[in-house]
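Visitor: have a look at this fold, sequence not included:
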């Protein structure tokens, strides 16, 4: 069974507001598929879809896209947004997907598979994929960087303080490195046609407040928030003020560039 987090309505709302969608990686996934089974894109399943930012990016390429998630709060938030008519959502664990065997052209999980029962999920993905269907798992490391004028080095020293303060609250289920989880899953996948892509740096301009908001959606911050709300607020405020001081600005709505370091692996079922 998947680890159940991200259940609260406030957390789900923040997830929708602050999490970014991996536009660049969707084109990479579709390029991988088109080289193997062109013009066979009927059904995509986005597993652990959360509030649906990634799910809707698949809509132009498939007849039907279904986002699944174990969290009802996340799915309710996904349904508050304007989705293309071919996108729908269903509540289910990642290890028991609501599809018949061999029905799905693409199974993907975007920044979610590290929470699944990984071997059960791989078996279930294999069950629902058709021959020639593809599996795409992607995520990013938590050491996001900031770029702002000539202050980037100083900003990133402050960001490392933020991450270090949250490290003790990392869930033991994902251990010290989520990348290792994905590498282990990649090695466990029996498909011979597969590829690993590492350190795809994707830049996202956003207000500084949105960067802080994104970090606050992480499970580590949410655990601190639950344990000690005053300390969680103090930490966020302290990091925000240090960043503003380094940038020599007063408004947290000042735009910075957030650099996310994605990795992903792709595989085609024989």
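Guide: Cool, got the structure. Bear in mind that the values here come from a model prediction, so they are computed numbers and not experimental data.

Visitor: list the buried residues of stretch 110-129.
Guide: Across stretch 110-129, burial judged by 16 or more other C-beta atoms under 10 Å covers 110-118, 121-122, 124-126, 128-129. Yep, even glycine has a C-beta here, placed from its N, CA and C like the rest.

Visitor: can you give me the end-to-end distance of it?
Guide: Using C-alpha to C-alpha, to the nearest Å, the span of stretch 110-129 from its first residue to its last is 17 Å.

Visitor: got the contact list for residue 242?
Guide: Residues counted as contacts of residue 242 (C-beta atoms under 8 Å, 6 or more residues apart in numbering) are 158, 161.

Visitor: where does pLDDT dip in the stretch 101-250 of the chain?
Guide: By pLDDT under 70, the stretch 101-250 of the chain contains no weakly predicted segment.

Visitor: residue closest to the middle of this protein?
Guide: residue 111 (2.6 Å; C-alpha atoms, centre = their mean).

Visitor: I'd like the distance between that residue and residue 131.
Guide: According to C-beta to C-beta, to the nearest Å, residue 111 stands 28 Å off from residue 131.

Visitor: and for residue 71?
Guide: Using C-beta to C-beta, we find residue 71 at a distance of 32 Å from residue 131.

Visitor: more neighbours, those two?
Guide: When residue 71 and residue 131 are compared on other C-beta atoms under 10 Å, the one with more neighbours turns out to be residue 71, at 23 against 9.

Visitor: quick one on the thing from earlier: closest one of the buried residues of stretch 110-129 to residue 250?
Guide: The shortest gap between residue 250 and any of these belongs to residue 111, at 32.5 Å (C-beta to C-beta).

Visitor: so the closest one makes contact with residue 139?
Guide: Yes - because the distance of 4.7 Å satisfies C-beta atoms under 8 Å, residue 111 is recorded as touching residue 139.

Visitor: does the nearest residue to residue 24 once chain neighbours are set aside belong to a helix, a strand or coil?
Guide: Spatially, and ignoring its direct neighbours in sequence, residue 24 is nearest to residue 202 (5.4 Å; C-beta to C-beta, 6 or more residues apart in numbering). For residue 202, the assignment made with DSSP: H, G, I helix; E, B strand; the rest coil gives strand.

Visitor: any idea how far residue 202 lies from residue 244?
Guide: Distance check for residue 202 against residue 244: by C-beta to C-beta, it reads 25 Å.

Visitor: contacts for the host helix or strand of residue 160 next, please.
Guide: Under the assignment given by DSSP states H and E, the secondary-structure element containing residue 160 is helix 152-166. The contact list for helix 152-166, computed with C-beta under 8 Å, 6+ apart, reads 142-148, 215, 218, 220-221, 224, 235, 239, 242-243, 246-247, 256.

Visitor: and with 7 Å instead?
Guide: Defining contact as C-beta atoms under 7 Å, 6 or more residues apart in numbering, one finds that helix 152-166 is touched by 142-146, 148, 215, 218, 220-221, 224, 235, 239, 242-243, 246.
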